[in-house]
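Q: here you go, sequence then predicted model.
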Amino acid sequence: MNSDEELIKGCIREDRHMQGLLYKKYADKMFSVCMRYCNSKEEAEDVLQEAFIKIFDKVSKFRQEGSFEGWMRRIMVNTALRSWDKRSKKFEPGNIDDVQEPVVSEMVLDSIGVKEIMAMIKKLPEGYQVVFNLFAVEGYSHKEIGELLNINESTSRSQYARARRNLISMLEKIES
């Protein structure tokens with residue numbers, strides 16, 4: 001297996017074989033990133049392809065600061081957000097103080113798997129999904145989310161809180 005460094009050098013040379021190896025190495029992992037922001041498998045596939053084209057085009061700009069995988073993930077997320085932005089952009093303005101959070105028992109959390117949680121996230125309104133994924137899964141701050149989505153930091157916080165509340169409500173239904 002080629003190292004990331006070898007793959008990067010090959011991609012900078014526009015070596016199609018090395019590009020194929022890079023794609024093969026990371027496509028599945030990056031596809032799961034795309035699926036968090038897309039409504040369908042087909043849309044996620046389109047985003048994945050578009051993002052890999054950007055990666056191949058910009059690979060020479062990778063500065064070896066942080067992981068290459070993290071750099072690619074950022075391109076995937078930004079490409080998926082642009083796709084989402086074209087589809088819709090619905091954020092409910094609100095105040096985080098308006099959100100009350102229910103409590104879920106540990107037993108329910110122990111009995112549910114990642115696939116079920118991902119399916120629940122997909123049931124959230126799109127604005128909630130995007131903010132929840134960016135904050136809870138990708139690790140962006142609310143300030144960064146605000147900049148990425150061109151919304152107030154407080155809107156990001158309230159969207160996240162509402163997403164959590166909705167997810168907890170879904171988990172409570174499983175409990176009963």
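A: Arrived safely. Just so it is clear, the model here is predicted, and its values are computed rather than measured. Numbers count the residues shown, from 1 in each chain.

Q: point out where this structure drops to low pLDDT.
A: Per-residue confidence for the chain (pLDDT under 70) gives these ranges: 1, 87-111, 175-176.

Q: what are the structural domain limits within it?
A: Using automatic domain parsing, the domains assigned to the chain come out as 4-87, 96-175.

Q: chain center to the first one, what's the gap?
A: Domain 4-87 has its C-alpha centroid displaced from the chain centroid by 13 Å (C-alpha atoms, centre = their mean, to the nearest Å).

Q: also the shortest one?
A: Between the mean C-alpha location of domain 96-175 and the chain-wide mean there is a distance of 13 Å, by C-alpha atoms, centre = their mean.

Q: just put the domains of the chain in JSON lines and tack on mean neighbour count.
A: Where you see a C-beta, it was placed from the backbone N, CA and C, and this is true even at glycine. What follows is those, written out as JSON lines (neighbours: other C-beta atoms under 10 Å):
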{"stretch": "domain 4-87", "mean neighbour count": "16"}
{"stretch": "domain 96-175", "mean neighbour count": "16"}
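
Q: where along this protein do the helices fall?
A: With helices called from DSSP state H, the chain shows them at 4-12, 16-35, 41-58, 68-87, 106-111, 114-123, 126-132, 142-149, 153-175.
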